[in-house]
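[1] sequence first, predicted coordinates after that:
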Amino acid sequence: MLATRALRQAVAHAERTPLIRFVGKREIPSNIDHTPQPHPASPTGSLPANFSNGNTHTTFSSYRDSAQQHGPLRKSIGAQPASKLGSIVPPKGQYFDRNELPERFRRTPLSLAEIEAIETGGAALIG
């Protein structure tokens with residue numbers, strides 16, 4: 001009996017036509033500006049001062065080459081001493097840990113009531 005139901009569902013889905021119809025050919029628009037822009041909600045409304053000095057960060061891949069996450073990325077470890085891999089101190093305005101951010105961006109600690117509600121699946125709140 002379950003096999004019959006599965007076959008009926010398969011047949012129903014095979015005959016189904018999507019309700020969404022796309023107009024035109026799929027193509028990437030050529031008029032999109034890909035130059036780096038500041039985020040609309042940025043406090044300064046401008047890119048960082050060292051963002052496009054001609055030799056740094058004109059593309060994401062050039063940024064990735066100089067990015068750091070607990071130390072420099074894309075550097076082979078062991079091929080050279082750690083002191084030559086670069087500084088592990090983040091540049092001004094960049095943070096490696098959420099706890100280094102200003103207070104308004106940090107996670108709020110959970111209260112004991114919230115912890116109890118999570119652990120019991122909300123069952124402790126009834127009654």
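    That came in fine, so what should we check first?
[2] confirm residue 45 sits in a strand?
    No. In this structure, residue 45 is coil, not part of a strand, as judged by DSSP: H, G, I helix; E, B strand; the rest coil.
[3] quick check: nearest residue in space to it, chain neighbours excluded?
    residue 38 (5.8 Å; C-beta to C-beta, 6 or more residues apart in numbering). In short, each C-beta sits where N, CA and C put it, glycine included.
[4] how far away from the center of its chain is the helix or strand bottoming out on mean pLDDT in the chain?
    Least confident helix or strand, the chain: helix 60-66 with a mean of 71, by mean pLDDT, DSSP states H and E. Mean-position distance between helix 60-66 and its chain equals 16 Å (C-alpha atoms, centre = their mean, to the nearest Å).
[5] in a helix, residue 4, correct?
    Yes. Counting by three-state DSSP, residue 4 is found in a helix.
[6] show the model's pLDDT score for it.
    Confidence at residue 4, expressed as pLDDT, is 79.
[7] could you measure from it over to residue 11?
    According to C-beta to C-beta, to the nearest Å, residue 4 stands 11 Å off from residue 11.
[8] can you check residue 98 too?
    52 Å.
[9] now swap in residue 109 and tell me
    55 Å.
[10] ok, which stretches of the protein are helices?
    2-14, 60-66, 112-120 (DSSP state H).
[11] how about those, which one is nearest residue 83?
    With C-beta to C-beta, the closest approach to residue 83 among those belongs to helix 60-66: 17.6 Å.
[12] check which helices and strands the closest one sits against.
    Counting contacts by 3 or more C-beta pairs under 8 Å, 6 or more residues apart in numbering; DSSP states H and E, helix 60-66 is packed against no other helix or strand.
[13] tell me, how many residues neighbour the residue nearest to residue 98 when sequence neighbours are not counted?
    Closest residue to residue 98 apart from its sequence neighbours, by C-beta to C-beta, 6+ apart: residue 106 at 6.2 Å. Residue 106 has 11 neighbours, counted by other C-beta atoms under 10 Å.
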